[in-house]
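>>> For reference, the sequence and a predicted model appear below.
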Amino acid sequence: MFNRSRRNLASWFTLAMGSILVVFAAVVYYLKVVDELEGLDRLLYKKASVMVASVKLEMHDGQQQLDLEHVPLLGSMVQPLPDSELVYAGWYDRQKQLVQFFGKVKSDRLLVSGGFDTIKTDSQVWLRQVTLPVYQHGLLIGYLQARMPMTAMENTLAEFRLVLAIAVPITLAVVALTGWWLGGLAMQPIRHSYDYLQRFTADASHELRSPLTAIINNAQYGLLSKSADLEGQRQRFQKIFDIAKSMSALVNDLLFLARYQGHLPTEFLHKIDLNQLLAQITDDYANQPDAQHLSLVAKLPSNSITVLGDANLLRQAVINLLSNACKYTHAGGQVYLQLFTQSHWAVIQIVDNGIGIPETDLPYIFERFYRVDKKRSRKTGGFGLGLAIVQQIVQSHGGKVRINSTFKEGTTLQVFLPLY
Amino acid sequence: MQILLVEDDFEQLEPLQGILSEAGYTVDAAEDGEIAQWLISQKDYDLLIIDWMLPTISGLSLCRQYRLSGKTAPVLMLTAKDTTPDKVMGLDAGADDYLVKPADLVELLARVRALGRRVPNWQGDSLRIADLQLHLAELSIERNQVKVELSPREAQLLEYLMRHPNQVLTRNQLEEALWECGTEPESNALTVLVRKLRHRLQILGAGDWIRTVYGMGYRLKPEIYEW
């Protein structure tokens, strides 16, 4: 699935970048053609101008006579120009009739009145042609037409095309490879969150299916059993009730996690005196069976520390942390609940000298359904959601959670909440 | 029939074990892969019911190891993994049957019966050896149209003997087969049970089919009279 998406991303990237590249190459080629043509026209115009400058109009017997004898190529009184490149030159009179010409391909009548044209000869050679109307003393005396082959320009353009034909596919290949690499980079976070979601779904379905199966099995066994033992049947009902209750707690936790995503809206936030809240929680929790086997001590400051938040949610977070600390601390151990401030934060710290968390498990400890020891946690009634809930509550208050733990020595959990 | 049931969730294990025991099977239960592995090395089971997701050793590797060790008893995989690739993987690992949780216990019992029928001398819904038939559902034996009822324990003993005909079965082997792992039968319990069963068979004229092999144990050897 990911490879297909990565391929798609790379293809679309290559297609988009490739199209841009091809359009760019086409524009560059067009500009090159225009530039080459301008150069050729300039040269042709220069040569034609030299010829025009040599045309003389003389008066003979009161009549004007045109002298073309001194015009290069056309006249006999000048040396032929070496390397002139012109293949045709012709002089046309005012009526556009051919008077004198040089070169092979001639046209007896002028079809245009001036400007540049491109024509093709019978021998499939492209020629650039310029037609200049020639004036003297403000009077039109004739037209000069000159043609030059475009072979040199065609050769230059062919070379340029070859360069493009090699460079564009190579660049396209580089673009495709870059696209594939970028696609891989783009897929990475998606793959991570997909893997996480897969794991979460698998865990959630396992955690929900196990109690469901246990309920169904117990109920069906009760129905099918031929035993007349009433106490046994009562115990079976008790078991079904207990499992259903724990399943209901799990469903509540899952719904909780689904409900409180992101920051809490301001209407949920109230001023909370953390000293008061923590003192109350410690008093309540000290009587819980979890805390009976150890000493739970609260170290609260004399000055009041206030934060903005939802008291019920914060209570749930602290109780989750206390419950974890008490569950995983041996009989006779100690759990400290402390409150202090650190720059702009109120810090709730829970320190225990319990069994600790192995270093390899620490990075995953806040993941949903993550349990260090599956069997042990199941026996103690945990689903591996407690710390995920704590983190979500604290983050929804704009705070953060930190954990420090040494295996077999104890754990310190710190909750940072922004001070009011 | 001796069944090994491997399931890590006690809440699921307990009713399964209960219903199977009530159906007349000897059920040993294990809550993790390592215990199951040890039990398999100690005893020959007629059927294994294994959950896939187990602590220490997964049900899948347990099944593979069991097959690699050359044992042939049927394995039923009972798991919450319900996709087709999972089923294929489970069956390819050596399971004979695959049941998805939550399973109907009536269906589970039917599958256990079906897998139990894979012994050569199984006929209809009863085990047969020579002209003696043991009807497991109604706990009775029949020979020449004469029927005698048995207690569940007697039926279990005869079933085990009939599943291993002509083999010398040690007292230890028989005790393991009839009493669940961890329960200690009284020293003469097996002797008393064999005597009771012989008495029932006596009525059908097959009292001496259960032979005592001195110093070793017992053997079921049908007397075929040739006329």
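Arrived safely.
>>> so how many other residues sit close to A:Gly410?
21 (other Cβ atoms under 10 Å in any protein chain shown). To be clear about C-beta, it is placed using only N, CA and C from the backbone, and glycine gets the same treatment.
>>> Give the burial count for the residue lying closest to A:Asp67 once chain neighbours are set aside, as a bare number.
Residue nearest to A:Asp67 in three dimensions, not counting chain neighbours: A:Lys56, with 4.2 Å by Cβ to Cβ, 6 or more residues apart in numbering or on different chains. Neighbour count for A:Lys56, taken as other Cβ under 10 Å: 15.
>>> Can you show me the helices along the stretch 301-420 of chain A?
A:311-327, A:374-379, A:386-396 (DSSP state H, counting those that start in this stretch).
>>> Run through who's touching the lengthiest helix in chain B.
Criterion DSSP state H: the longest helix present in chain B is helix B:189-203. Contacts of helix B:189-203 with the rest of the structure, by Cβ atoms under 8 Å, 6 or more residues apart in numbering or on different chains, involve B:132, B:141, B:146, B:148, B:150-151, B:153-154, B:157-158, B:171, B:174-175, B:178, B:207-210, B:218.
>>> Let me know how buried B:Ala137 is, in neighbour terms.
Using other Cβ under 10 Å, B:Ala137 has 10 other residues around it.
>>> Which residues are in contact with it?
By Cβ under 8 Å, 6+ apart, the neighbours of B:Ala137 are B:Asp125.
>>> Check the one 3 residues further on too.
Counting by Cβ under 8 Å, 6+ apart, B:Ser140 makes contact with B:Leu134, B:Lys147, B:Val148, B:Glu149, B:Leu150.
>>> Would you check that the last one makes contact with B:Glu142?
No - no contact is recorded between B:Leu150 and B:Glu142 when judged using Cβ atoms under 8 Å, the distance being 10.9 Å.
>>> Can you give me the buried ones in stretch A:34-47?
Across stretch A:34-47, burial judged by 16 or more other Cβ atoms under 10 Å in any protein chain shown covers A:Glu36, A:Leu37, A:Leu40, A:Leu44, A:Lys47.
>>> likewise stretch A:20-34?
By neighbour count on 16+ other Cβ under 10 Å, the buried set for stretch A:20-34 is A:Leu21, A:Ala25.
>>> Alpha carbons only: can I get that stretch in CSV?
Extracted as CSV, the C-alpha positions of stretch A:20-34 are listed here (Å, rounded to 0.1, in the frame of the first residue of the first chain):
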residue,chain,number,x,y,z
ILE,A,20,7.6,22.3,-16.4
LEU,A,21,11.0,21.1,-17.7
VAL,A,22,9.6,20.4,-21.2
VAL,A,23,7.8,23.7,-21.4
PHE,A,24,11.0,25.4,-20.2
ALA,A,25,13.1,23.6,-22.8
ALA,A,26,10.6,24.6,-25.5
VAL,A,27,10.7,28.3,-24.5
VAL,A,28,14.5,28.3,-24.4
TYR,A,29,14.6,26.7,-27.9
TYR,A,30,12.1,29.2,-29.2
LEU,A,31,14.2,32.1,-27.9
LYS,A,32,17.3,30.6,-29.4
VAL,A,33,15.6,30.3,-32.8
VAL,A,34,14.5,34.0,-32.6
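>>> That one - what's its average pLDDT?
The average pLDDT within stretch A:20-34 is 95.
>>> Quick one: residues in contact with that stretch.
So stretch A:20-34 is contacted by A:Leu157, A:Phe160, A:Arg161, A:Leu164, A:Val168, A:Thr171, A:Leu172, A:Val175 (Cβ under 8 Å, 6+ apart).
>>> Would you convert the helices of the stretch 301-420 of chain A into a markdown table that also reports mean pLDDT and distance to B:Ala93?
Formatted as a markdown table, those follow (pLDDT from 0 to 100; distance: least, Cβ to Cβ, whole Å):
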| stretch | mean pLDDT | distance to B:Ala93 |
| --- | --- | --- |
| helix A:311-327 | 90 | 36 |
| helix A:374-379 | 52 | 21 |
| helix A:386-396 | 89 | 33 |
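>>> Of those helices, give the one that comes closest to chain B.
For chain B, the closest of the helices of the stretch 301-420 of chain A is helix A:374-379, at 5.0 Å, according to Cβ to the nearest Cβ.
>>> neighbour-wise, which of B:Leu150 and B:Glu142 wins?
B:Leu150 (22 against 17).
>>> Please tell me how far the more buried one sits from chain A.
17 Å (Cβ to the nearest Cβ, to the nearest Å).
>>> Report the spatially nearest residue to that residue, omitting neighbours in sequence.
B:Leu139 (5.1 Å).
>>> can you check A:Thr213 too?
B:Pro102 (3.9 Å).
>>> pLDDT below threshold where in the chain?
Assuming you mean chain A. Chain A contains residues with pLDDT under 70 at A:77-83, A:105-106, A:373-382.
>>> Can you look at chain B instead?
B:224-227.
>>> quick one: the strands in it?
Ranges of strands within chain B are B:2-6, B:26-30, B:47-50, B:75-79, B:97-100, B:122-123, B:126-129, B:132-135, B:140-143, B:146-149, B:168-170, B:210-213, B:217-220, based on DSSP state E.
>>> now those as CSV including distance to A:Phe416?
Output for the strands of chain B, formatted as CSV (distance: least, Cβ to Cβ, whole Å):
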stretch, distance to A:Phe416
strand B:2-6, 46
strand B:26-30, 46
strand B:47-50, 47
strand B:75-79, 43
strand B:97-100, 46
strand B:122-123, 69
strand B:126-129, 71
strand B:132-135, 73
strand B:140-143, 75
strand B:146-149, 75
strand B:168-170, 68
strand B:210-213, 77
strand B:217-220, 72
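>>> now stretch A:49-63: how far from the chain's centre is it?
Between the centre of stretch A:49-63 and the centre of its chain there are 73 Å (Cα atoms, centre = their mean, to the nearest Å).
>>> again, but for stretch A:228-238
Taking Cα atoms, centre = their mean, one finds stretch A:228-238 lying 61 Å from the centre of the chain it belongs to.
>>> Alpha carbons only: can I get it in CSV?
Provided in CSV are the C-alpha atoms of stretch A:228-238 (Å, rounded to 0.1, in the frame of the first residue of the first chain):
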residue,chain,number,x,y,z
ALA,A,228,-27.0,-28.0,40.5
ASP,A,229,-24.4,-26.1,42.6
LEU,A,230,-26.2,-22.8,43.3
GLU,A,231,-23.1,-21.2,44.9
GLY,A,232,-21.1,-22.1,41.7
GLN,A,233,-23.8,-20.4,39.6
ARG,A,234,-23.8,-17.3,41.8
GLN,A,235,-20.0,-17.1,41.5
ARG,A,236,-20.3,-17.3,37.8
PHE,A,237,-22.7,-14.4,37.7
GLN,A,238,-20.3,-12.5,40.0
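>>> So the residue nearest to B:Leu150 versus A:Leu362, what's the distance?
59 Å (Cβ to Cβ, to the nearest Å).
>>> Equivalent analysis for A:Gly309, please.
27 Å.
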